[in-house]
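*Asks:* Coordinates for the following, if possible.
(2 chains)
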Protein chains: 2
Amino acid sequence: MKIEKLPTEQTISRTPFPGSKKIYVKGNIHKILIPMREISLAPTTDRFRNITEENSPVTIYDTSGPYTDPAVEIDVRKGLPKLREQWIEERNDTTKLESISSEYGKSRLFNPDLNYLRFEYSQKPKKAKQGHNVSQMHYARQGIITPEMEFIAIRENQRLEELYSKNNDMWQQHKGHNFGAFSHKGFITPEFVREEIARGRAVLPSNINHPEIEPMIIGRNFLVKINANIGNSAVTSSIEEEVEKMVWAIRWGADTVMDLSTGKNIHETREWIIRNSPVPIGTVPIYQALEKVNGKAEELTWDIFKDTLIEQAEQGVDYFTIHAGVRLPYVPLTAKRVTGIVSRGGSIMAKWCLAHHQENFLYTHFEDICEIMKAYDVSFSLGDGLRPGSIADANDAAQFAELETLGELTQLAWKHDVQTMIEGPGHVPMHMIKENMDKQLKECGEAPFYTLGPLTTDIAPGYDHITSGIGAAMIGWFGTSMLCYVTPKEHLGLPNKKDVKDGVITYKIAAHAADLAKGHPGAQHRDNAMSKARFEFRWEDQFNLALDPDTAREFHDETLPAEGAKTAHFCSMCGPNFCSMKITQDVRKYAEEQGLNEKEVFDKGMDEKAAEFRNNNFEIYS
Amino acid sequence: MKIEKLPTEQTISRTPFPGSKKIYVKGNIHKILIPMREISLAPTTDRFRNITEENSPVTIYDTSGPYTDPAVEIDVRKGLPKLREQWIEERNDTTKLESISSEYGKSRLFNPDLNYLRFEYSQKPKKAKQGHNVSQMHYARQGIITPEMEFIAIRENQRLEELYSKNNDMWQQHKGHNFGAFSHKGFITPEFVREEIARGRAVLPSNINHPEIEPMIIGRNFLVKINANIGNSAVTSSIEEEVEKMVWAIRWGADTVMDLSTGKNIHETREWIIRNSPVPIGTVPIYQALEKVNGKAEELTWDIFKDTLIEQAEQGVDYFTIHAGVRLPYVPLTAKRVTGIVSRGGSIMAKWCLAHHQENFLYTHFEDICEIMKAYDVSFSLGDGLRPGSIADANDAAQFAELETLGELTQLAWKHDVQTMIEGPGHVPMHMIKENMDKQLKECGEAPFYTLGPLTTDIAPGYDHITSGIGAAMIGWFGTSMLCYVTPKEHLGLPNKKDVKDGVITYKIAAHAADLAKGHPGAQHRDNAMSKARFEFRWEDQFNLALDPDTAREFHDETLPAEGAKTAHFCSMCGPNFCSMKITQDVRKYAEEQGLNEKEVFDKGMDEKAAEFRNNNFEIYS
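*Replies:* Below you'll find the predicted structure:
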């Protein structure tokens, strides 16, 4: 038996970001502290006019959790501080169970062989009191603004209101902004968060057994979010690696993490991940259920699956991918596809349906599942088991038939006040992407869309973070709320740390490009700060403002290692002799000296030569 | 003085592509041979039905030139075979000059210090006979189909007509295809190539002094093309490196290469590159002109610039970036920008205009430039010197004022039958990209658009191949004809070989995604072959069909090195126990055994459970 490697302080990334510090913003309604990252900038020094101006620091949304705050002590064996514990207590609608409820969970707990690898400090699970519904959607529909909701409102605003009110130019620019669907002149209020959750247009994944999370929201009137998949497999990886992959993924910007483990010790691996995760954790319970029947899909039963749901809900999984839309009648619709059914969950259920020639038990037991979800506040991520696995299969009958069923199930989930989002493709060429978004909004009552890419071509294995980043940026712009990353290893192998980082950074780019295109107020603030720093040769500021400061600095130093180069008013592209930015500064200086304004130049601009030339032109054309 | 390193057989990449061979397709009108790459595929073996089917090889457009054909002997000191020499001779409208015409060229030629690094086998330059115009546009407008034009028609078709006619499914699919703007049911004819060039909607860069090129075309009714920039700078690189960068760039798919050298021995570096390049070479002559006046823009004169144009035209540069649209009145429009003028050429001319307070001499001498262009068939790439350098400056007054002037100049160039394309931005958020394309088509009479990205956000230095790949794919779909690559080093440093490859592959992805979205007939052929190979676990075929076979194989082997794994019917993502593709195969087999067709399943599919459930639903909703 393979010995599990366990995480330690040494195996976890804890370096703070350069030029940045963690700040904590106070709540108004609730006694809460919202963590953000503040990047300080150097002042602007204008050599020509010999002026120095301050540049106010840039506050950004921070997914990295306590790991990037040197002031916080972290013991991975004990897990993260339980930020939400008191909030949950005060709602007084949960009970602490005497022991875990799932049979499988118990069998793992009482297996002495696992003692050495089991997470020691697990607490007894909580569950909703009899007859109670502890979902954030339920509270929202009661008109209650929970601490989680206020936390999100402040977090999404990134202190922009404060910043703009201090700076008139920014304030004017902000006022002139097209806010699109964004409420309250683009500043998110706790009430707006509540409305969106109550309406089902946003999901706040927050299992009562995962008090460690820093609340975040998934909805198209908020910042576009990204998910990173991790998890071991039968052929590779350890608990130590998976926990570090999670910490590594959120460091670079993952808003949620899905544990897709299909290998050994799935239960214990998940416990280690959840206890140390400040972001919501999602899973695909059917994966573990399948392992319980040794990979024989036809042997799956509702009871085995139900026990798995409860097992994972009591550990604190925040959302479940449930492939309830893979209905028996739809299965043959995939028979003529180039790539058939490529979703694991989808093909498991398809196989089960055909083996028994019965309707998908996830569909027939859907309301039983709702009962479990609302007892722990687990959100649905309704899986697209029939998503296309190739350009050739995009937007076909099977895919859209399932999507319609997911819409039907969304209504059912909402009847139970269970939070729900919808998973989307997959492989889709650019001109067929918008149809996916439009149909999802229509069929699923505007429940948040959560897509995998989509990949816009099939021919670039090794670069599918890019083929899919293109589709992800576009569908994010069109209204997708969360983008599931794709790593360079897609279709080829399991992602290592470098792949996880490449995938996350690529998807942060896609999500941010989408926020800009959606006109998310303040999304452009960081771009403007970067461009100003770039124009003013503030190299350190450029590195610190970058999505990946380490790589930016490393690439710069490859060509110009000298420390001096970082303050020099030129870069390696043009060399010291000539630099377009320097020339532009000369142009400005010159324009100022000449006291030229646009009008004047237009009038005076045309000297004889130009005039003659214009006459020539006319001759030419006559 | 730094000693130049020169290229040798050992410093040039010559490995053929795995599973591929170079084929040469015969012309019909002219005696020409068009090189293509043929990827052979393994047969499909269906273990369940124990059937074996052949998979016909995939022919793809090949930019790599003779370097990937082991049968061709190459001596970099002598340069490539002169494919077009006879075609040019037979037109009998050129004369061989006694010596090169440019003063600077002569001074370099007679400088003994340069003997050791000078390309030995340069020939005397050709020039149009007195009163002749040797541009492909001129021939096209005379109704002449040149060998270059037929070469392109056959090259763009990639033998698809032949392939489809052999395979009825493909033929039906092709017939059912939306051809968009594509002529002749999507098969390119020589006459269509001629029409598009005559109309000015496509450019065929082919300087009579660059007979080594394999003709290619840039126009929106053809495959989307990509350009790779190389070139030394004051601070780094050598002739040896630059020639290999060119060979490396075309290996991965660059359709043209721009030599943007601004360092030492620019003239000789260019000669080495052109003589060894099977793709058109572009330059920005103002860069070299600036070096001739030691970087002092205000000292530039028309005579120095003119001498530079002739010097480069006689070496065989196929297109010139000319910043003739940076007019004096537009310069102050940039003064309030976040990033001013970021184009080197643009800022050089802006500085010149202000220093002399005169109209841009490239604008006033534009028709003199046309006279030079048509004497060698150099194409215009009208530079966007005022392109935005940040999201904040996108689509502003300066940018669009220049674009209107470029439209005016296009008409002037066309009056001289000089081939012309238009350069575009830059930094543009997704929602502002289409406006760029629409305005360019309108203002510039549908002359081909040639854009740099655009970058869709400013915050990811180190990943700008991706931030720009997103914008490039979109604008390619909207109608841009050629995409100028951006490497990961953009804004940070000079690209090395790895950066060049990353940039080229990313842009091949963008261009191909655009071809798919435009409905380019046959663009999807390679995707389908890849997806079929993927579904059938033909790992070797997947690697060989990939844009980058080396990386695809390497990533696969990282997780599953065993040779066996490449034929195994599973992959590392799910492991041997369970695999969604295997299950799908089972599903198909099962469906067949059951003799289920879609209709039947829909009828029989709903057993009691499902029926009850449906009833429940109705109760629920009532």
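
*Asks:* if I look at A:Asn360, how far off is chain B?
*Replies:* 9 Å (Cβ to the nearest Cβ, to the nearest Å). The C-beta positions use only the backbone N, C-alpha and C, and glycine is treated the same way.

*Asks:* Could you pull up the residues touching that residue?
*Replies:* A:His323, A:Ala324, A:Val326, A:Arg327, A:Leu328, A:Met349, A:Trp352, A:Cys353 (Cβ atoms under 8 Å, 6 or more residues apart in numbering or on different chains).

*Asks:* Closest one to chain B out of those residues, please.
*Replies:* A:Leu328 (4.6 Å; Cβ to the nearest Cβ).

*Asks:* burial measure for the closest one, as a count.
*Replies:* Here the count is done by other Cβ atoms under 10 Å in any protein chain shown, and A:Leu328 has 24 residues near it.

*Asks:* Check the one 5 residues further on too.
*Replies:* The criterion is other Cβ under 10 Å. On that basis, A:Leu333 has 20 neighbouring residues.

*Asks:* Look up how far B:Arg14 lies from it.
*Replies:* Distance from A:Leu333 to B:Arg14, counting by Cβ to Cβ, to the nearest Å: 49 Å.

*Asks:* just to revisit the earlier point, and chain B, which of the contacts of A:Asn360 contact it?
*Replies:* Contacts with chain B within these, counted by Cβ under 8 Å from any Cβ of the partner chain: A:Arg327, A:Leu328.

*Asks:* now, which of the contacts of A:Asn360 sits nearest B:Glu490?
*Replies:* A:His323 (41.7 Å; Cβ to Cβ).

*Asks:* re the thing from before, let's have the contacts of A:Asn360 in CSV, adding secondary structure and pLDDT.
*Replies:* Converted to CSV, the contacts of A:Asn360 look like this (DSSP: H, G, I helix; E, B strand; the rest coil; pLDDT from 0 to 100):
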residue, secondary structure, pLDDT
A:His323, coil, 98
A:Ala324, coil, 98
A:Val326, coil, 97
A:Arg327, coil, 96
A:Leu328, helix, 93
A:Met349, helix, 95
A:Trp352, helix, 93
A:Cys353, helix, 92
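
*Asks:* what residues go with each domain of chain A?
*Replies:* A:1-521, A:524-616 (the TED database).

*Asks:* Mind checking those domains for the one nearest to B:Thr457?
*Replies:* domain A:1-521 (4.9 Å).

*Asks:* Look up how far chain B lies from A:Ile505.
*Replies:* Counting by Cβ to the nearest Cβ - A:Ile505 and chain B are separated by 6 Å.

*Asks:* pLDDT weak spots in the stretch 501-622 of chain A?
*Replies:* A:562-586, A:590-622 (pLDDT under 70).

*Asks:* In chain A, where's the longest helix?
*Replies:* helix A:497-518 (DSSP state H).

*Asks:* quick one: the helices in the stretch 101-250 of chain A?
*Replies:* Along the stretch 101-250 of chain A, the stretches classed as helices by DSSP state H, counting those that start in this stretch are A:103-109, A:136-141, A:147-157, A:160-166, A:168-175, A:190-199, A:239-252.

*Asks:* cool, the stretch 451-600 of chain A as well?
*Replies:* A:464-478, A:497-518, A:523-535, A:539-545, A:549-559, A:580-593, A:598-604.

*Asks:* With mean neighbour count and distance to A:Thr410 as extra columns, can I get these in JSON lines?
*Replies:* Below are the helices of the stretch 451-600 of chain A laid out as JSON lines (neighbours: other Cβ atoms under 10 Å in any protein chain shown; distance: least, Cβ to Cβ, whole Å):
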{"stretch": "helix A:464-478", "mean neighbour count": "29", "distance to A:Thr410": "19"}
{"stretch": "helix A:497-518", "mean neighbour count": "25", "distance to A:Thr410": "23"}
{"stretch": "helix A:523-535", "mean neighbour count": "23", "distance to A:Thr410": "28"}
{"stretch": "helix A:539-545", "mean neighbour count": "23", "distance to A:Thr410": "39"}
{"stretch": "helix A:549-559", "mean neighbour count": "19", "distance to A:Thr410": "40"}
{"stretch": "helix A:580-593", "mean neighbour count": "20", "distance to A:Thr410": "52"}
{"stretch": "helix A:598-604", "mean neighbour count": "14", "distance to A:Thr410": "54"}
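
*Asks:* So for B:Ser233, which of the ones you listed sits nearest?
*Replies:* Judging those by Cβ to Cβ, what sits closest to B:Ser233 is helix A:549-559, at 8.9 Å.

*Asks:* Flag the shaky bits of chain A, pLDDT-wise.
*Replies:* For chain A (pLDDT under 70), the answer is A:1-2, A:47-49, A:176-184, A:562-586, A:590-622.

*Asks:* which residue is nearest the middle of it?
*Replies:* A:Ile226 (1.9 Å; Cα atoms, centre = their mean).

*Asks:* contacting residues around the residue nearest to it when sequence neighbours are not counted?
*Replies:* Excluding its sequence neighbours, the residue lying closest to A:Ile226 (Cβ to Cβ, 6 or more residues apart in numbering or on different chains) is A:Tyr507, at 4.1 Å. By Cβ under 8 Å, 6+ apart, the contact list for A:Tyr507 reads A:Ile226, A:Ala228, A:Gly253, A:His465, A:Gly469, A:Ala472, A:Leu483, A:Tyr485, A:Val486.

*Asks:* Nearest to B:Thr308 among those residues?
*Replies:* A:Gly469 (40.2 Å).

*Asks:* Return the distance of the closest one relative to A:Pro454.
*Replies:* A:Gly469 is 10 Å from A:Pro454, by Cβ to Cβ.

*Asks:* repeat for A:Pro215
*Replies:* 28 Å.

*Asks:* Settle it for me: which of the two has more neighbours?
*Replies:* A:Pro454 (29 against 25).

*Asks:* dump the residue contacts of A:Ala128.
*Replies:* So A:Ala128 contacts A:Asp93, A:Thr94, A:Thr95, A:Val134, A:Ile208, A:Lys374, A:Ala375, A:Tyr376 (Cβ under 8 Å, 6+ apart).
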